[in-house]
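**Student:** Return atomic coordinates for the entry below.
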Amino acid sequence: MTDEIRNDERGAPGGGACAQAPPAGGPGPDRDAPGGAPAIGPSPGTRTAVYALTLPGLKIAGIIAAGLSGDLYAPERLASSSPPGTRLFQSFLELISRNFHCYKGHVAVAATGLMVRAVAPHLRDKKTDPAVVSLGQDGRYAVSLLSGHLGGGNDLARAVAELTGGTAVVNTATDIESKPSLEVLARDCHLAIEDFSRLPPVSRVLSEGGKVPLYDPDNFLAPKLVEWRRFFPPIAESCAFDEGAPGYPRTPSLYVDYRLRPFPREALVMRPPALALGVGCHRDLDISELTGLIDKVLGESLLSPLSLALISTAEIRATEPALQELARRFSRPLVVQSMEALAAVQTPNPSDKVYEKIGVFSVCEAAARLAARMGPLLVPKRKNSKATCALALMNY
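**Tutor:** Residues are numbered from 1 along each chain as shown. Here you go, the predicted model:
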């Protein structure tokens, strides 16, 4: 899965695609304005758009764009004053409509109210909305307006303030109270939040100075909580899933686990990238034959699909369409193992038939262990008529 949105033809809500032709009458490939370039969406690999709306704001916007390696946008009327590479626009609201979901972050040297009205029609949810920061043309205050935690808006505001010599304005409750942001911790630890509706109650407890019981038997999150340890009393294994136990949490709690368990009703569950899925298959199998097997194995083994870290297979199957589609559906990388590496791994279920066909005794089990950095097998080879799979625990 890639974090970057390519400069292609995918649509953006409320106004066309990320890659747009310039407005009629504006500068274009054959009519570049002085110092400017067409407003055609993000440059390849660019994460941040920086907007200037006034001549005084153009200077500070240029500093920010250079410091963040971002794309600089300015009105066409400022073309003669714009630095080389500036992307020119006619309508700011139309530009935001095209650009909003094409960048990870937006910085506008503009009034906060204007930026709020500009982005409001394009909001989806906190999991996907980009960061938005606004600041005045004096650069004194960089205000984090949107996606402060998951989208990195608070960090973006701090980076902008550092470039301008100003102050970042951050008003998320956990930041104000110097408490941990669970969204940021989950992101930094590569943990998948299973149900975002469980997040606000847990964050509220922290912002109000309360404690959140934590179950993290494999220490996926606990090492990041050293400075906040007092806010996360550990839940003992003996009472983590026993409603009758005295230590069973009856308030918002936090569970970090790759297994399917009877979690408490008010628990926020985070899924660590703990599982390596090894797959072997016949050629030209249907994707449903593959997903059916894997869904069945995960369910029967009580393992969360959100905890899949990667999918691993033999190099001779690297271009198999069903495997590539599987990786897309799970949004996980497809890791290819050489035949020499597979042959060197001892597995519990070697197959003479597989050896006769491709020269190794195991594909799915060996591929799972290799991808897991030789971690132990949790689920040995399972199969149907067209595919095999195995699951190994990542060795971090």
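**Student:** Pretty sure Ala245 sits against Ser238.
**Tutor:** Yes: using C-beta atoms under 8 Å, Ala245 is in contact with Ser238, at 6.5 Å. No exception for glycine: its C-beta is placed from N, CA and C like everyone else's.
**Student:** Quick check: which element contains the closest residue in space to Ala341 that isn't next to it in sequence?
**Tutor:** Nearest non-adjacent residue to Ala341, counting by C-beta to C-beta, 6 or more residues apart in numbering: Leu370, 5.8 Å away. In the assignment (DSSP states H and E), Leu370 maps to helix 364-371.
**Student:** Which elements pack onto that helix?
**Tutor:** strand 275-281, strand 308-314, strand 334-337, helix 339-343, strand 377-383, strand 387-393 (3 or more C-beta pairs under 8 Å, 6 or more residues apart in numbering; DSSP states H and E).
**Student:** from memory the residue nearest to Ala341 sits against Val336, does it?
**Tutor:** No: with contact defined as C-beta under 8 Å, Leu370 does not reach Val336; the gap is 10.3 Å.
**Student:** list the residues that contact both of these two?
**Tutor:** By C-beta atoms under 8 Å, 6 or more residues apart in numbering, Leu370 and Val336 have these common neighbours: Ser312.
**Student:** between those two, which one's more packed in?
**Tutor:** Leu370 (21 against 17; other C-beta atoms under 10 Å).
**Student:** Show me the shaky parts of this structure.
**Tutor:** Scanning the chain for pLDDT under 70 picks out 1-41, 44-45, 148-150, 172-179.
**Student:** domain ranges for it?
**Tutor:** 36-171, 182-271, 275-393 (automatic domain parsing).
**Student:** now the second one, how far from the centre of its chain.
**Tutor:** Here domain 182-271 shows a centroid-to-chain-centroid distance of 20 Å under the convention C-alpha atoms, centre = their mean, to the nearest Å.
**Student:** Stretch 152-169 now?
**Tutor:** Stretch 152-169 sits 22 Å away from the centroid of its parent chain (C-alpha atoms, centre = their mean).
**Student:** in it, what's buried?
**Tutor:** Of the residues in stretch 152-169, 152-161, 163-164, 166, 168-169 count as buried by neighbour count, 16 or more other C-beta atoms under 10 Å.
**Student:** residues of stretch 92-100 that come out buried?
**Tutor:** Phe92, Glu94, Leu95, Ile96, Ser97, Arg98, Asn99, Phe100.
**Student:** I figured the last one hits His122, correct?
**Tutor:** Yes: the criterion here is C-beta under 8 Å, and Phe100 meets it with His122 at 4.3 Å.
**Student:** now the helices and strands packed on helix 364-371 in CSV, with distance to Tyr258?
**Tutor:** What follows is the helices and strands packed on helix 364-371, written out as CSV (distance: least, C-beta to C-beta, whole Å):
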stretch, distance to Tyr258
strand 275-281, 6
strand 308-314, 9
strand 334-337, 18
helix 339-343, 25
strand 377-383, 9
strand 387-393, 8
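**Student:** okay, the ones you listed, which one's buried deepest?
**Tutor:** Most buried of the helices and strands packed on helix 364-371, by mean neighbour count (mean count of other C-beta atoms under 10 Å): strand 275-281, with a mean of 28.
**Student:** Just the CA trace of that one, in CSV.
**Tutor:** Taking C-alpha atoms only, strand 275-281 is exported to CSV below (Å, rounded to 0.1, in the frame of the first residue of the first chain):
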residue,chain,number,x,y,z
LEU,A,275,1.3,-12.3,11.1
ALA,A,276,3.1,-13.3,7.9
LEU,A,277,0.9,-15.2,5.5
GLY,A,278,2.6,-17.7,3.3
VAL,A,279,0.8,-18.8,0.1
GLY,A,280,1.3,-21.4,-2.6
CYS,A,281,-1.1,-21.9,-5.5
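**Student:** neighbours around Glu356, how many?
**Tutor:** With other C-beta under 10 Å as criterion, Glu356 counts 8.
**Student:** sec struct for it, please.
**Tutor:** helix (DSSP: H, G, I helix; E, B strand; the rest coil).
**Student:** The helix or strand containing Leu114 - contacts with which helices or strands?
**Tutor:** Assigned by DSSP H and E, Leu114 belongs to helix 112-119. On a contact count with 3+ C-beta pairs under 8 Å, 6+ apart, helix 112-119 meets helix 92-99, strand 105-109, strand 131-135, strand 141-146.
**Student:** where do the strands sit along the stretch 101-250 of the chain?
**Tutor:** 105-109, 131-135, 141-146, 167-169, 192-193, 214-215 (DSSP state E, counting those that start in this stretch).
**Student:** that older thread, got JSON lines for the buried residues of stretch 92-100, with distance to Cys189 too?
**Tutor:** Formatted as JSON lines, the buried residues of stretch 92-100 follow (distance: C-beta to C-beta, whole Å):
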{"residue": "Phe92", "distance to Cys189": "38"}
{"residue": "Glu94", "distance to Cys189": "39"}
{"residue": "Leu95", "distance to Cys189": "36"}
{"residue": "Ile96", "distance to Cys189": "33"}
{"residue": "Ser97", "distance to Cys189": "35"}
{"residue": "Arg98", "distance to Cys189": "34"}
{"residue": "Asn99", "distance to Cys189": "30"}
{"residue": "Phe100", "distance to Cys189": "28"}
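**Student:** returning to that earlier point: what's in contact with the helix holding Leu114?
**Tutor:** By C-beta under 8 Å, 6+ apart, the list of residues contacting helix 112-119 reads Leu53, Phe92, Leu93, Ile96, Phe100, His106, Ala108, Val132, Ser134, Val143, Leu145, Leu146.
**Student:** any idea how far it is from the chain center?
**Tutor:** Taking the mean of its C-alpha atoms, helix 112-119 sits 25 Å from the chain's own mean (C-alpha atoms, centre = their mean).
**Student:** does Tyr258 really touch Ala274, like I thought?
**Tutor:** Yes: using C-beta under 8 Å, Tyr258 is in contact with Ala274, at 4.0 Å.
**Student:** Quickly list what's touching both of those two.
**Tutor:** Asp218, Ser307.
**Student:** Nothing else from me, thank you.
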